[in-house]
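*Asks:* Build me a model from this:
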Amino acid sequence: MIVAELWRYPVKSMAGERLRQVELLPDGIRGDRLVQAYDARGRIVTARTRPGLLKHRATLGPDGQPLVDGRRWDAPEVGRDVEAAAGSGARLAKGSADARFDVLPLLVATDGAIEAFGHDGRRLRPNLVIGGVEGLAEREWEGRLLRAGHCLIAMHALRQRCVMTTFDPDTLEQDMGVLRRIVREFDGALALDCAVVRGGLVSVGDPAEVLST
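*Replies:* From the prediction side, this is the model:
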């Protein structure tokens with residue numbers, strides 16, 4: 001097995017960036033989900049209810065600050081786009097550590113499960129995709145460790161999927177049948193919620209191995 005893909009999402013609920021190398025820290029990939037969208041009442045809003053956020057792409061600039069469609073995340077024109085996508089008064093802001101992740105800091109998917117899923121793997125919003133995995137082997141990985149390069153990742157539990165999987169990552173066209181199929185054929189869960197045990201650099205092509213403990 002190898003590390004096949006690496007993804008970072010500098011702004012939560014926006015499209016992310018595919019990378020060749022990332023740095024794993026105790027709180028996940030450096031630069032991941034640094035900024036979140038909030039409504040006029042100060043509540044976090046996501047693409048679950050505001051799918052228009054997904055049409056904007058977030059990357060990390062050379063100064064470590066998120067960019068939205070190539071513009072600094074706190075630029076006035078980005079603010080106008082966020083209001084258009086998430087409602088009047090919506091804004092981007094850097095929140096607390098608890099605001100960054102819905103469950104755990106990393107989501108690990110496998111090429112075998114994505115193939116079985118039968119749709120674009122971006123719908124699952126993974127951080128790491130492990131290649132060379134047969135079928136649904138990931139379903140036996142809960143509670144085990146994944147070694148990716150020199151890093152260690154604790155694979156806690158399969159991720160229960162939500163309505164975000166129903167939106168095409170390019171067109172935003174919604175197909176509720178995608179989520180119904182996940183529930184019907186995969187017990188509602190695909191990919192694994194994970195935490196960093198030993199950090200460091202991870203690159204595409206690094207060897208990957210599932211350890212017994």
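*Asks:* Contacts only, for the most centrally placed residue in the chain.
*Replies:* Within the chain, one residue has its C-alpha closest to the average C-alpha position: by CA atoms, centre = their mean, that is residue 125, at 3.7 Å. Applying CB atoms under 8 Å, 6 or more residues apart in numbering, one finds that residue 125 lies in contact with 7, 9, 16, 107, 164. The way it works is simple: take the backbone N, C-alpha and C, and place the C-beta from them, glycine included.
*Asks:* mind checking pLDDT for it?
*Replies:* At residue 125 the predicted local distance difference test score is 97.
*Asks:* What does it show for phi and psi?
*Replies:* Per-residue torsions, residue 125: phi 50, psi 60 (degrees, to the nearest 10).
*Asks:* do the same with residue 56
*Replies:* When quoted as degrees, to the nearest 10, the phi and psi of residue 56 stand at phi -100, psi 140.
*Asks:* That one contacts residue 12, correct?
*Replies:* No - applying CB atoms under 8 Å as the test, residue 56 and residue 12 come out as separate, 11.6 Å apart.
*Asks:* Which one (most neighbours) among the contacts of residue 125?
*Replies:* Highest neighbour count within those: residue 9, with 25 neighbours (other CB atoms under 10 Å).
*Asks:* domain ranges for the chain?
*Replies:* In terms of domains, the chain is parsed into 2-27+102-211, 30-98 (source: automatic domain parsing).
*Asks:* which SSE is the closest residue to residue 161 other than its chain neighbours in?
*Replies:* Of all residues not flanking residue 161 in the chain, residue 182 sits nearest, at 5.0 Å (CB to CB, 6 or more residues apart in numbering). Assigned by DSSP states H and E, residue 182 belongs to helix 176-186.
*Asks:* Beyond that helix, next helix or strand please.
*Replies:* Scanning forward in sequence from helix 176-186, with DSSP H and E defining helices and strands, the next element found is strand 189-198.
*Asks:* which helices and strands does that following strand pack with?
*Replies:* In terms of contacts (3 or more CB pairs under 8 Å, 6 or more residues apart in numbering; DSSP states H and E), strand 189-198 is packed against strand 106-110, helix 111-117, strand 151-160.
*Asks:* Other residues contacting it?
*Replies:* Residues lying outside strand 189-198 but in contact with it, judged by CB under 8 Å, 6+ apart, are 24-28, 103-110, 113, 117, 124, 126, 138, 141-142, 145-146, 150-161, 182.
*Asks:* what's the angle between it and strand 106-110?
*Replies:* Using axes from the mean of the first three to the mean of the last three CA atoms, to 10 degrees, the interaxial angle of strand 189-198 with respect to strand 106-110 works out to 120 degrees.
*Asks:* What distance do you get for residue 168 to residue 110?
*Replies:* With distances taken as CB to CB, to the nearest Å, residue 168 is found 22 Å from residue 110.
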